[in-house]
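Asks: give me a 3D structure for the following:
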Amino acid sequence: MKDSDGMTTEEMLNAISVGQKVYDADGEMVGSVDAVDRAAGCIRVETNPFSQPALDIPTELIRSIDPRELYLSRKRDDLSRFSCNRAPGLEQIEKGDGDDR
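Replies: Alright, predicted model coming up:
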């Protein structure tokens, strides 16, 4: 697992992929990456589609990453306080097709 401190922003964005599991600072699973907006430096994390809205999380909150999972620097309860700076109408560049990897 790579610590995001040694990675450039471009390397981190290239390491993120749809379907990766996302964990908070306490190691609790938050959900999985549903979309990556590389231009805005943001990921959309699908938490529970039936009871909770998806979270838009800035990539600067990523603490460590590997091909299957990534860990955030904040606890789950804090994540809804963050948002991504997106241009109006900007859609996710890479979006999952609904299949589980």
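
Asks: drop to CA atoms for contacts and neighbour counts, all remaining ones
Replies: Fine.

Asks: give the next helix or strand downstream of the strand of greatest length in the chain.
Replies: Criterion DSSP state E: the longest strand present in the chain is strand 29-37. Counting by DSSP states H and E, the next helix or strand C-terminal to strand 29-37 is strand 42-46.

Asks: and the next element down the chain from that following strand?
Replies: Downstream of strand 42-46, the next assigned helix or strand under DSSP H and E is strand 55-58.

Asks: packing partners for that following strand?
Replies: strand 42-46 (3 or more CA pairs under 8 Å, 6 or more residues apart in numbering; DSSP states H and E).

Asks: repeat that with 10 Å
Replies: Judged by 3 or more CA pairs under 10 Å, 6 or more residues apart in numbering; DSSP states H and E, strand 55-58 is in contact with strand 29-37, strand 42-46, helix 76-79.

Asks: what strands flank that strand, and is each parallel or antiparallel?
Replies: Sheet pairing for strand 55-58, assigned by DSSP bridges, gives strand 42-46 (antiparallel).

Asks: picking up where we left off before, I'd like the average pLDDT over the longest strand of the chain.
Replies: Here strand 29-37 scores 94 as its mean pLDDT.

Asks: all numbers from here: first residue = 19
Replies: Right, with 19 as the first residue, what we last looked at is strand 47-55.

Asks: strand partners of that strand, parallel vs antiparallel please.
Replies: strand 39-41 (antiparallel), strand 60-64 (antiparallel), strand 112-113 (antiparallel).

Asks: closest one to Arg99 among those?
Replies: Arg99 sits nearest to strand 60-64 of all the strands paired with strand 47-55, at 14.0 Å, using CA to CA.

Asks: quick one: average pLDDT of that closest one?
Replies: Strand 60-64 comes out at a mean pLDDT of 93.

Asks: try stretch 80-94
Replies: Rounded mean pLDDT across stretch 80-94 is 94.

Asks: okay, the longest strand of the chain in PDB with CA atoms only?
Replies: Taking Å, rounded to 0.1, in the frame of the first residue of the first chain, the C-alpha atoms of strand 47-55 are listed here in PDB:
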ATOM      1  CA  MET A  47     -15.600   0.700   5.300                       C
ATOM      2  CA  VAL A  48     -17.300   3.800   3.800                       C
ATOM      3  CA  GLY A  49     -18.200   2.300   0.500                       C
ATOM      4  CA  SER A  50     -16.600   2.000  -2.900                       C
ATOM      5  CA  VAL A  51     -15.400   4.400  -5.600                       C
ATOM      6  CA  ASP A  52     -18.300   4.900  -8.100                       C
ATOM      7  CA  ALA A  53     -16.700   7.700 -10.200                       C
ATOM      8  CA  VAL A  54     -13.500   9.700 -10.500                       C
ATOM      9  CA  ASP A  55     -13.400  13.300 -11.600                       C
END
